[in-house]
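In: Okay, predicted coordinates and the sequence, questions at the end:
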Amino acid sequence: MRRSKGYTARAEQYDREQIYSLDEAIAILKKFPTMKFDETVETTMRLGVDPRQSDQNVRGALSLPHGTGKQVTVVVVATGDAAEQAKTAGADHVGFEDLIERIKGGWLEFDTMIATPAAMQKVRTLGRLLGPRGLMPNPKTGTVTENTGEAVAAAKAGRVEFRADRTGCVHVPVGKISFTETALAENSNAVIQAIIRSRPPATKGIYVLSCTLSTTMSPGVKVSTREMART
């Protein structure tokens, strides 16, 4: 794969084979030449799980201590009091059948969908549209709930979801490169610990195989997993 000059220049500024502490990895990212936009910082963890097995799925959500730095668009599928709670909490779009029909028509300009349990029968018809984009509401991530107001507030405050893909990797944004090193470290640590706590009981052997930090336009910097959960 051909890489851009900027990517190559960054890759030459550190030892890509060395494993760094979390603080060291963040310091390396912060020293990279800045781009014309505020890059997202992402942590990627490769896990020793077999996602093909239903008892080894890794999925969850958490609120980052310092938010994501991104303005999140939240839609809520609900009626009655739950719909009113969502509107009061600042949801960008609230509706029921009208909203579902709009999405069926191809509108997907949102980051998070929240739905009440009663609305899920209708929402499930959107599975082919929402599933591949990671937008399907799920009780495990707190996006299927009667407490729509709390869910909207959490999403707006910097709530992120994580899920192991079919290769056993989890990719989670932990902030923007403009964040302070302390904020990035605290957000990254929160994500790493949440994923460790989500270890499926059926998993055997080493759980965290590797961990890297990267920005939108940079190669990954390897982060030490020495103090992470291993068995």
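Out: Nice, thanks for sending it over. The model shown is predicted, which means the values in this text are computed figures rather than measured ones.

In: so how far is Val208 from Gln193?
Out: Taking Cβ to Cβ, to the nearest Å as the measure, Gln193 and Val208 are separated by 11 Å. For the C-beta atoms, the positions are set from N, CA and C on the backbone; glycine is no exception.

In: out of the two, which sits in the busier spot?
Out: Val208 (17 against 13; other Cβ atoms under 10 Å).

In: Report the beta-bridge partners for that one.
Out: Legend: beta-bridge partners of Val208 under DSSP bridges are Leu47.

In: how close does it sit to Thr88?
Out: Distance of Val208 to Thr88, computed by Cβ to Cβ: 40 Å.

In: Nearest residue to Leu99 in space, please, no chain neighbours.
Out: Val77 (5.8 Å; Cβ to Cβ, 6 or more residues apart in numbering).

In: Export stretch 46-58 to CSV, keeping only CA atoms.
Out: What follows is stretch 46-58, C-alpha atoms only, in CSV (Å, rounded to 0.1, in the frame of the first residue of the first chain):
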residue,chain,number,x,y,z
ARG,A,46,-6.4,-6.7,19.3
LEU,A,47,-8.0,-9.3,21.5
GLY,A,48,-7.5,-13.0,22.0
VAL,A,49,-11.2,-13.8,21.3
ASP,A,50,-13.0,-15.6,18.6
PRO,A,51,-15.9,-13.2,17.6
ARG,A,52,-17.5,-16.1,15.7
GLN,A,53,-18.4,-17.6,19.0
SER,A,54,-21.5,-15.9,20.6
ASP,A,55,-20.0,-16.3,24.1
GLN,A,56,-16.8,-14.4,23.1
ASN,A,57,-18.4,-11.2,21.9
VAL,A,58,-16.9,-8.0,23.3
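
In: mind listing the strands for the chain?
Out: Secondary structure of the chain by DSSP state E: the strands cover 40-47, 59-63, 74-77, 93-95, 112-115, 159-163, 169-176, 208-215, 221-222.

In: Next, format these as CSV and append distance to Thr148.
Out: Converted to CSV, the strands of the chain look like this (distance: least, Cβ to Cβ, whole Å):
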stretch, distance to Thr148
strand 40-47, 27
strand 59-63, 15
strand 74-77, 5
strand 93-95, 8
strand 112-115, 6
strand 159-163, 14
strand 169-176, 24
strand 208-215, 34
strand 221-222, 39
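
In: Figure out which of the ones you listed is closest to Asn138.
Out: In terms of Cβ to Cβ, the element of the strands of the chain nearest to Asn138 is strand 59-63, at 7.3 Å.

In: Could you figure out how far the closest one is turned away from strand 169-176?
Out: Using axes from the mean of the first three to the mean of the last three Cα atoms, to 10 degrees, one finds that strand 59-63 and strand 169-176 are set 10 degrees apart in direction.

In: strands paired with strand 59-63, and their directions?
Out: In the sheet, strand 59-63 lines up against strand 159-163 (antiparallel) (DSSP bridges).
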